[in-house]
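1. Starting from these lines, generate the structure:
(one chain, ligands or ions: 1)
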Amino acid sequence: MNHLSDILTHLGEEREKYFKAVSPPIIQTSNFCFKDLDDFRASFTNELTHHIYTRGNNPTVEILRKKVAALEGAEDALITASGSAAIATAVVAQLKAGDHVVCVEGAYTWTKILLTELMPRFGVSCTFVDGRDLQNIKAALQDNTVLLYLESPTSLTFDLQDLKACAELARSRGITTIADNSYASPVFQRPIEMGIDLVVHSGTKYLNGHSDVVAGVICGSQEMIQKIFETEFMTFGGIISPHDAQQFIRGLRTLELRVKRSFESALKVAQFLEKHPMVEQVSYPFLASFPQYELAKKQMDGAGGLLSVYLKADSKEKVEAFVGRIKRFLLAVSWGGHESLMMPAVGFYDVPGREDTTTPWNLVRFYIGLEDADWLIEDLEQALGIL
Ligand SMILES: *Cc1c(COP(=O)(O)O)cnc(C)c1O
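-> This next block holds a predicted model:
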């Protein structure tokens, strides 16, 4: 296995090809030309490994593909225009009419919409289960189940699945497994090493890490990636631009530093919040009080910067007042960048068309970015004073 330092700093970079530039060039071209007909014909033997047209392959994107694959311990990777594009491409590639999918309950919103609204139009059905207990997954499997879709931990309540056990179960029944590894990042969790077939990411979050690029990744074996590439990837065409790919590579340089800092600070914030009298509960996988703490420690080397807090507030108005007092966290969705964020469940109450009242209104999800943890805690402490 390649050392993390080598992957982030050198792997995939062929500097002698571009004037020994330290930073790779943005090959901003849609098209490539050929020396002669022999070259033309040779290139078409495999569009994934040759340079023909940027929807298929581009040298800047290729560097990124190599790094991302190595990070996940995969043979190859594809880069997409968003995490959602990666998920949809990887999922659709496994399915045909009559197939059945088992998916974990807390999966990302648009993953669930893919499986509840889009795929049923093509004759695919899906069962959602609480994946914290392997028995629930086992019980949901049918004769026509071909895909087990996992996300561990999930990004609001941090439910874990035992990835190794899931992979073994699926493999014994000939079922393909996909895991969304956005939360932990490959620095802390490598599902392919645990037997998972495909790993997907929102590259928008930790991998790029600067809140300035939307991207996604699919990692897997040479064979699976080649198959996805030749059909779904090339037909959907949801690619990253060479410019964004270069930004993404720049983001990766500091991946290890960023996720370790984010984890260290999040743990400190979680421990502070857990002790505060106006906090009912903190959900964070690396707190000893977390119900799946043992499994978290077994399959992850660290946790992410996301945590959820249940406030001791007797009304929605109190939660709103708390949110209004916070100064050092931006009120926003998404996560994984340099900046700390908060996303209160109460923000999804009374929203026509996007209302979600299934999450308790006293839940506030925080993302801990790269700022000083004590400085963030100071802000939380003053805001909690209003409850
Ligand atoms: C954001 C997110 C996605 C979707 O990624 P986009 O890049 O926004 O399309 C998928 N999974 C998880 C866990 C996410 O947080």
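
2. Report whether stretch 218-230 contacts the ligand.
-> No - legend: contact between stretch 218-230 and the ligand by C-beta under 6 Å from any ligand atom is lacking; minimum distance shown is 12.1 Å. Backbone N, C-alpha and C define where each C-beta goes, glycine included.

3. Which residue, other than its chain neighbours, is closest to whichever residue of the chain sits closest to the ligand?
-> At 2.2 Å from the ligand, residue 83 is the closest residue in the chain, using C-beta to the nearest ligand atom. Excluding its sequence neighbours, the residue lying closest to residue 83 (C-beta to C-beta, 6 or more residues apart in numbering) is residue 202, at 2.8 Å.

4. quick revisit: how many other residues sit next to the residue of the chain closest to the ligand?
-> The tally of other residues near residue 83 (other C-beta atoms under 10 Å) stands at 24.

5. again with residue 57
-> Neighbours of residue 57 (other C-beta under 10 Å): 21.

6. Helix, strand, or coil at residue 256?
-> Assigned state for residue 256: helix (three-state reduction, DSSP: H, G, I helix; E, B strand; the rest coil).

7. again, but for residue 217
-> Once three-state DSSP is applied, residue 217 turns out strand.

8. which ones are touching it?
-> 68, 77-80, 86, 199-201, 203, 207 (C-beta atoms under 8 Å, 6 or more residues apart in numbering).

9. and those, which of them are in helices?
-> 68, 86 (DSSP state H).

10. any chance of the contacts of residue 217 in TSV, with distance to the ligand, neighbour count and pLDDT too?
-> As requested, the contacts of residue 217 are arranged in TSV below (distance: C-beta to the nearest ligand atom, whole Å; neighbours: other C-beta atoms under 10 Å; pLDDT from 0 to 100):
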residue	distance to the ligand	neighbour count	pLDDT
68	14	28	98
77	15	22	98
78	14	29	98
79	11	26	98
80	9	26	98
86	8	31	98
199	12	30	98
200	8	32	98
201	8	31	98
203	7	30	98
207	10	30	98
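
11. Closest one of the contacts of residue 217 to residue 191?
-> Nearest to residue 191 out of the contacts of residue 217 is residue 199 (C-beta to C-beta; 5.2 Å).

12. Just grab the bridge partners of that closest one for me.
-> residue 179, residue 219 (DSSP bridges).

13. With residue 344 as the reference, measure out to it.
-> Using C-beta to C-beta, to the nearest Å, we find residue 199 at a distance of 30 Å from residue 344.

14. where along the stretch 201-350 of the chain do the helices fall?
-> Taking DSSP state H, counting those that start in this stretch as the test, the helices found in the stretch 201-350 of the chain are 222-228, 234-236, 242-253, 255-275, 293-299, 316-325.

15. Can you say which of the ones you listed is nearest to residue 130?
-> Each of the helices of the stretch 201-350 of the chain has some distance to residue 130 by C-beta to C-beta; the shortest is helix 293-299, at 14.1 Å.

16. Tell me the residues on this structure that lie near the ligand, please.
-> Proximity of the chain to the ligand, by C-beta under 6 Å from any ligand atom, involves residues 82-84, 108, 151, 155, 180, 182-183, 202, 204-205, 214, 216.
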